[in-house]
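# Dropping the sequence and predicted coords here.
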Amino acid sequence: MKKFLLTFVAAFVAFHSFAQQKDDQERGWKRENLFIGTGINLGFFNGFVIGLNPEVGYSLNKVIDAGVSTNFSYISQRDIYSPTTYRQTVVGGGPFVRIWPARMIFVGSQFEYNTINYSIKTNDNVTFKDKRSAPSVLVGIGYGNRNVGANQFYTSVYVDVLKNVNSPYVDQFNRMTPVIRTSFIFYLRPKQ
């Protein structure tokens, strides 16, 4: 019994000392967790949306990514009842976080502050121009492959929960419109 207890205590101490050593090695900045990527927005309706969302981020651990994203979008919409076209050129950016509770599914949030050049064109003449700005908090879910250190691809759907009247993510009735993005991530030092 004494030998069993001594063996158990020695194994317990050895296991915990190796566990502590592994934790010490995993702490600190790791260049292989740094990634760059971009998202692409594309939508068609009685107009169209095209956008690009470059980002730089860091995988904090196997579950959480955080970083900074930018937003460049062009939105054009025709009025179906008159010869009027509404156009927006959007430039913005802000921090993001993605949490992967399962390997292929994530929840995300992104704060953006957008500057919007807005114009209305009627019968080939620009009748109104305006510069606007709006904060947005995008919250949503996504589906993709999750493997820290390997290139990734995902598709996400976000909505603007702030619903600012000038937000590019709400319609003329201040209803949330979904933001659908397909994104690619490339780690700067991929796993070998």
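Received it, and whenever you're ready, just let me know what you need. Numbering: from 1, shown residues only.
# give me the low-pLDDT residue ranges for this structure?
Confidence mapping of the chain against pLDDT under 70 gives the ranges 1-27, 192.
# where do the strands sit along it?
34-44, 47-59, 64-78, 84-102, 105-122, 125-144, 152-160, 179-187 (DSSP state E).
# how about CSV for those, with mean neighbour count and distance to Pro168 added?
Heads up, the C-betas are built off the backbone N, CA and C, glycines and all. Formatted as CSV, the strands of the chain follow (neighbours: other CB atoms under 10 Å; distance: least, CB to CB, whole Å):
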stretch, mean neighbour count, distance to Pro168
strand 34-44, 16, 10
strand 47-59, 17, 9
strand 64-78, 18, 6
strand 84-102, 17, 5
strand 105-122, 17, 6
strand 125-144, 15, 7
strand 152-160, 18, 8
strand 179-187, 18, 9
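# Any chance of these in JSON lines with distance to Asn166 as columns?
As requested, these are exported to JSON lines (distance: least, CB to CB, whole Å):
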{"stretch": "strand 34-44", "distance to Asn166": "18"}
{"stretch": "strand 47-59", "distance to Asn166": "17"}
{"stretch": "strand 64-78", "distance to Asn166": "13"}
{"stretch": "strand 84-102", "distance to Asn166": "10"}
{"stretch": "strand 105-122", "distance to Asn166": "6"}
{"stretch": "strand 125-144", "distance to Asn166": "4"}
{"stretch": "strand 152-160", "distance to Asn166": "11"}
{"stretch": "strand 179-187", "distance to Asn166": "16"}
